[in-house]
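Trainee: Kindly generate the corresponding structure for this input.
(4 chains)
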Number of protein chains: 2
Amino acid sequence: MLTDRQLQVLQVIVDDFISSGQPVGSRQIAKKDNVSFSSATIRNEMADLEDLGFLEKTHTSSGRVPSEKGYRFYVDHLLKPQIITNQEIATIRSVYADQLMETEQVIRESANILSDLTTYTSVILGPDVHMHKVKRFQIVPLSATQAVAIIVTDSGHVENRVFTLPEDFDMRRIEKIVNILNDRLVGKPLVEIPLRIDGEIAQLIREHVGAYSDFVSSLFNRISAQDEGRIYYGGKTNMLNQPEFHDINKVRMLLDIMEKTPQVQMLFQAGNQQGVQVRIGSENNLLAMEDCSIITASFDVGDDQHGSIAIIGPKRMDYKRVVTLLDFMSGDLSRLLTNNR
Amino acid sequence: MLTDRQLQVLQVIVDDFISSGQPVGSRQIAKKDNVSFSSATIRNEMADLEDLGFLEKTHTSSGRVPSEKGYRFYVDHLLKPQIITNQEIATIRSVYADQLMETEQVIRESANILSDLTTYTSVILGPDVHMHKVKRFQIVPLSATQAVAIIVTDSGHVENRVFTLPEDFDMRRIEKIVNILNDRLVGKPLVEIPLRIDGEIAQLIREHVGAYSDFVSSLFNRISAQDEGRIYYGGKTNMLNQPEFHDINKVRMLLDIMEKTPQVQMLFQAGNQQGVQVRIGSENNLLAMEDCSIITASFDVGDDQHGSIAIIGPKRMDYKRVVTLLDFMSGDLSRLLTNNR
DNA sequence: TTTTAGCACTCGTTCTTAGTGAGTGCTAAC
DNA sequence: GTTAGCACTCACTAAGAACGAGTGCTAAAA
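Mentor: Residues are numbered from 1 along each chain as shown, chains lettered A, B, ... in the order given. Below you'll find the predicted structure:
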């Protein structure tokens, strides 16, 4: 559809705007080494690109700025992957250096490195613990009236709840209940626990213990709400450096969103797909993210767990670099976290 | 030292500035109902108060603004405690409504309510788990090579670490180690664990198990670094509403500090003292907090655990209200969290 | 037919200038 | 000791001028 020259002009404009943040004028382009035609010609091409919806003007006599469609085209067709430097690889791999065993620790550290490397904000969605399988169930009494219930999963994740012991349940009864729970729940994914407890297990407890108490169902009914993939941030305030976020209201909206787990998880929707995904501005379907792009990639933890890794930056973020970094890092993380097991 | 009229003028100026945020002029004060002298007289008093260091001018012909010394005097001598409304009490007590058992949950919710009620940022420093005593120690194997170590404390707090099993340590040896750890560590505060492990316990393990592996000491050596009082925030972005934080750099510095645990803990230094503490501007000894005041109070969890609760706001925050609220809330929290046990 | 040079025009930005108003300090009268 | 009056200060705002980066269009050159 587009001529070679139009492609070239578009590419130069997007590249230039990404690095300068200023609207790009025709003369500026003409001065580039790899551009051999005059500013007037470029003005004509720019007018055409604007008609096609790839460029915009901030006012009638300003230079051009890429539109969302322009960015989209750039990302889809004009992005030449960058070579990742040894320096960067070394920085990323410094995560391994400490021989951190815990997934959580690795993820936390990765988020920080990623934000340092990009100067944008990084978000990592840890693996969804829903599908982790129960390894052991246990109740530890704390006092005459209180106890803590603990579930260990096969991934090493530990869930715990403090609860009040019902007066008519002595330790013998509690032990029986623990046995039943272990018998029935070990090997089952966390997500099924509430259902199973309210169904067969309540039944079994009534049979063998002689009475049932709501405390059992209340123990882990909140698993589904909590912990559906913990969220880790790196460089939360990095975005304040971007000139497009000098508006306090935009900042506020963005920071507010980051406090709201469900909204953030929404941003990762498409993140389960293979490879690196780029969502630009309004493609995020979120008012606060209208001026942001988010680039996501997913990584594996073991055979059946997945996490997502993302960079949130301004629409004029350095797509080349971020895509390359995320691609590399997600692969590396997968390898590290899978071998850990 | 100060005359009654000077006291009155100072009080009116601080009150007025707190509610309006604008420098206060002599005419404005003269117009108040409870002020019976002319603007010229007030100008004279203001000049004296400025000489004494209680007031400042933003420029030669502007109204007056309280200096830090002025705020300090106001807080120390002119603060008449406000009456807390039933409405507010009801809001605060709604935390109990859910019959939340877990300290963590209660604290998290309290932080949110407090920030809603004040429109400032709230910070709660949870009880320091260092002094919690070990209730049970346990190792749950996950696979042939991995296991998770768990410590339950008397407060219901659970610490866990995933680690790699040394090849020469089979389950029998591990069990022996667990027995030794339980035998020696139950009842001891968390903070002593690393020391005890490296001392007597390493010795015992060598004797009874026949070999020692570093994995035991590496298990909980990080307890001291982590979890020395978890920090919870409410209304992190509330401060963006304050006109004095329209400067993006101040915001950045403040938000950055909130990500840094040690710095935040520093802010609570004096928070262990009884009652409500007010620290104004540079009294915080922290560049980023130069334009902020922080009001802290402490609460008890059980007989020997303490937490702190704080509000961070601009120097011209509503001290009356915040002091009253914090005083009430810390008492209420103490009662709730202590009875929970 | 395509490209380019030239030119009038637009519009955001910056600098100046003048005007306004809230506020002060000082002095003299009450 | 208190107050009225007045000259003065200074931030803030609006309006105008100069500037410059950029455009669109036209006509000539390739």
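Trainee: any idea how far A:Ala97 is from A:Ile113?
Mentor: 11 Å (C-beta to C-beta, to the nearest Å). (Each C-beta comes from the backbone N, C-alpha and C, glycine too.)
Trainee: same thing with A:Val123?
Mentor: 13 Å.
Trainee: same deal with A:Val301?
Mentor: For A:Val301, the distance to A:Ile113 - C-beta to C-beta - is 18 Å.
Trainee: What of A:Gln305?
Mentor: When A:Gln305 is compared with A:Ile113 (using C-beta to C-beta), they lie 21 Å apart.
Trainee: Would you check that A:Val84 makes contact with A:Leu325?
Mentor: Just so we're on the same page, residue A:84 is Ile rather than Val. Yes. The criterion here is C-beta atoms under 8 Å, and A:Ile84 meets it with A:Leu325 at 6.8 Å.
Trainee: between these two, who's got more neighbours?
Mentor: Taking neighbours as other C-beta atoms under 10 Å in any protein chain shown, A:Ile84 and A:Leu325 compare with A:Leu325 leading, 25 against 15.
Trainee: Check whether the more buried one sits in a helix, strand or coil.
Mentor: Put simply, A:Leu325 is helix when judged by DSSP: H, G, I helix; E, B strand; the rest coil.
Trainee: So for A:Ala97 and A:Ile113, which sits in the more crowded spot?
Mentor: A:Ile113 (20 against 9).
Trainee: what separates that one from A:Ile177, distance-wise?
Mentor: Taken as C-beta to C-beta, the span from A:Ile113 to A:Ile177 is 45 Å.
Trainee: Centre of the chain to the worst-scoring helix or strand of chain A on mean pLDDT, how far?
Mentor: Every helix and strand in chain A was compared by mean pLDDT, DSSP states H and E; the lowest is helix A:214-219, with a mean of 78. When distances are taken as C-alpha atoms, centre = their mean, to the nearest Å, helix A:214-219 is centred 33 Å away from the chain's centroid.
Trainee: Output it in PDB, but only the C-alpha positions, please.
Mentor: Coordinates of each C-alpha in helix A:214-219 appear next as PDB, following Å, rounded to 0.1, in the frame of the first residue of the first chain:
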ATOM      1  CA  ASP A 214     -18.200 -23.200  59.600                       C
ATOM      2  CA  PHE A 215     -14.700 -22.400  60.600                       C
ATOM      3  CA  VAL A 216     -13.500 -25.100  58.200                       C
ATOM      4  CA  SER A 217     -15.100 -23.600  55.200                       C
ATOM      5  CA  SER A 218     -14.100 -20.100  56.200                       C
ATOM      6  CA  LEU A 219     -10.500 -21.200  56.400                       C
END
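Trainee: and it with chain B, contact?
Mentor: No. Among the residues of helix A:214-219, none lie within reach of chain B under C-beta under 8 Å from any C-beta of the partner chain; the closest is 9.3 Å away.
Trainee: Following element in sequence after that helix, please.
Mentor: Downstream of helix A:214-219, the first helix or strand assigned by DSSP states H and E is strand A:231-234.
Trainee: rewinding a little: now the common contact residues for A:Val123 and A:Ile113.
Mentor: Counting by C-beta atoms under 8 Å, 6 or more residues apart in numbering or on different chains, the shared contacts of A:Val123 and A:Ile113 are A:Gly234.
Trainee: and the residue in chain A that DNA strand D sits nearest to, how many residues sit next to it?
Mentor: Relative to DNA strand D, the nearest point of chain A is A:Gly25 (2.5 Å; C-beta to the nearest atom of the strand). Other residues lying near A:Gly25 total 19 when counted by other C-beta under 10 Å.
Trainee: next one: A:Arg279
Mentor: With other C-beta under 10 Å as criterion, A:Arg279 counts 23.
Trainee: What helix or strand is the nearest residue in space to it that is not next to it in sequence located in?
Mentor: Among residues not flanking A:Arg279 along the chain, A:Ile294 sits closest, at 5.0 Å (C-beta to C-beta, 6 or more residues apart in numbering or on different chains). In this assignment (DSSP H and E), A:Ile294 forms part of strand A:292-301.
Trainee: need the next SSE after that strand, C-terminal direction.
Mentor: strand A:305-314.
Trainee: all helices of the stretch 101-250 of chain A, in order?
Mentor: All helices of the stretch 101-250 of chain A, identified by DSSP state H, counting those that start in this stretch, fall at A:103-118, A:171-185, A:193-196, A:202-209, A:214-219, A:248-259.
Trainee: other SSEs contacting the fifth one?
Mentor: Read that as helix A:214-219. The contact analysis (3 or more C-beta pairs under 8 Å, 6 or more residues apart in numbering or on different chains; DSSP states H and E) places helix A:214-219 against strand A:158-164, helix A:202-209.
Trainee: cutoff 6 Å now
Mentor: If you count contacts as 3 or more C-beta pairs under 6 Å, 6 or more residues apart in numbering or on different chains; DSSP states H and E, helix A:214-219 packs onto no helix or strand.
Trainee: Tell me which residues are up against that helix.
Mentor: Here helix A:214-219 makes contact (C-beta atoms under 6 Å, 6 or more residues apart in numbering or on different chains) with A:Ala149, A:Arg161, A:Phe163, A:Pro166, A:Ile197, A:Asp198.
Trainee: Residue of the stretch 1-150 of chain A closest to DNA strand C, please.
Mentor: For the stretch 1-150 of chain A, C-beta to the nearest atom of the strand, closest residue to DNA strand C: A:Ser61, 2.7 Å.
Trainee: likewise the stretch 151-300 of chain A?
Mentor: For the stretch 151-300 of chain A, C-beta to the nearest atom of the strand, closest residue to DNA strand C: A:Pro243, 11.4 Å.
Trainee: ok, the nearest residue to that residue once chain neighbours are set aside to A:Arg64 distance?
Mentor: Excluding the flanking residues, the one nearest A:Pro243 by C-beta to C-beta, 6+ apart is A:Gly21, at 5.8 Å. For A:Gly21, the distance to A:Arg64 equals 13 Å [C-beta to C-beta].
Trainee: and those two? which has more neighbours close in?
Mentor: Neighbour comparison, A:Gly21 and A:Arg64: the larger count goes to A:Arg64, with 28 against 13 (by other C-beta under 10 Å).
Trainee: Bridging across strands, which residues link to the more buried one?
Mentor: In this entry, A:Arg64 is beta-bridged to A:Val24, A:Lys57, by DSSP bridges.
Trainee: Residue numbers of chain A in contact with chain B?
Mentor: By the rule C-beta under 6 Å from any C-beta of the partner chain, the part of chain A lying against chain B is A:101-102, A:136, A:140, A:142, A:148, A:152, A:154, A:156, A:158, A:160, A:162-163, A:237, A:240, A:246, A:248, A:252, A:255-256.
Trainee: Where do the domain boundaries of chain A fall?
Mentor: A:4-78, A:86-127+A:230-339, A:130-219 (automatic domain parsing).
Trainee: residues from the stretch 1-150 of chain A in reach of DNA strand C?
Mentor: Taking C-beta under 7 Å from any atom of the strand as the contact definition, the stretch 1-150 of chain A meets DNA strand C at A:Ser36, A:Phe37, A:Ser38, A:Ala40, A:Thr41, A:Asn44, A:Thr58, A:His59, A:Thr60, A:Ser61, A:Ser62.
Trainee: where does A:Ser62 land in three-state SS?
Mentor: coil.
Trainee: Starting from the strand holding A:Ile294, tell me which strands it pairs with and how they run.
Mentor: Partners of strand A:292-301 in the sheet, by DSSP bridges, are strand A:277-280 (antiparallel), strand A:305-314 (antiparallel).
Trainee: To B:Asn285, which of those lies closest?
Mentor: In terms of C-beta to C-beta, the element of those nearest to B:Asn285 is strand A:305-314, at 33.7 Å.
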